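1. A predicted structure for the sequence below; I have some questions about it.
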Amino acid sequence: MNVIYRPLEPADKAAIMSFLGRVPEFAPDEIPVAEEVLDACTGNPLTSGYYCLIAENDGRVAGYVCYGNTPLTKGNWEIYWIAVDPVSQGLGIGRELMRRAEAGIRSRGGWQVTLETSSTPLYDKTRRFYLKCGYAEITRIPDFYDRGDDLVMYFKKLDQASEDRQ
């Protein structure tokens, strides 16, 4: 395994779109939204407000993370999307993408991160991942995505001793 991490390039989009279709947590209606964000990030990365990092494993795109400053806030940033190709999951790629996104947020003056996900059992693994990365659940909005599918919001303060739980 030889993993490198780098900024998103336009040529990465096809590989990302391909594996998103195989990630069970990505619903079919979410994929066009992820594509729209990728297009914004590659089309005009300086003004889009999105920062995307790629994990490349043995020359193949294996995962990505997209984050940005929450509009109208100074230090709050959001992790909008993170996904790892199912064939590369369990190798620590997701955790390293999160660590690098948090470092990027710190370097741009951010001091805290929020992120959101679903409450359904399909997202159990996702919620455990966020907890392992040091995020705390801070709120739920009932029936946000659908009846019985709450929005679960997580939070992490970056300027405290909140390093990842190893």
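-> Sure thing, it's come through. Every value quoted in this text rests on a predicted model; they were computed, and no experiment measured them. Numbering: from 1, shown residues only.

2. phi and psi next, for the residue sitting nearest the centre point of the chain.
-> Centroid-nearest residue in the chain, with CA atoms, centre = their mean: residue 82, separated by 2.7 Å. Backbone torsions for residue 82, taken as degrees, to the nearest 10, come to phi -150, psi 130.

3. wait, what's in contact with it?
-> By CB atoms under 8 Å, 6 or more residues apart in numbering, the residues touching residue 82 are 63, 64, 65, 66, 94, 97, 98, 101. For glycine as for every other residue, the C-beta is placed from the backbone atoms N, C-alpha and C.

4. for it, name its beta-bridge partners.
-> With DSSP bridges as the criterion, residue 82 is bridged to residue 65.

5. just the contacts of residue 82 now: which is nearest residue 15?
-> residue 64 (9.2 Å; CB to CB).

6. what sits against the closest one?
-> 8, 12, 16, 52, 53, 54, 55, 81, 82, 83, 97.

7. might one say that residue 97 is in contact with residue 62?
-> No - Residue 97 is not in contact with residue 62 according to CB atoms under 8 Å; the separation is 9.6 Å.

8. who are the packing partners of the helix ranked longest in the chain?
-> Taking DSSP state H as the assignment, the helix of the chain that covers the most residues is helix 93-107. Other elements packing on helix 93-107 under the criterion 3 or more CB pairs under 8 Å, 6 or more residues apart in numbering; DSSP states H and E are strand 3-7, strand 51-57, strand 60-69, strand 76-84, helix 124-132.

9. this completes my enquiry, with thanks.
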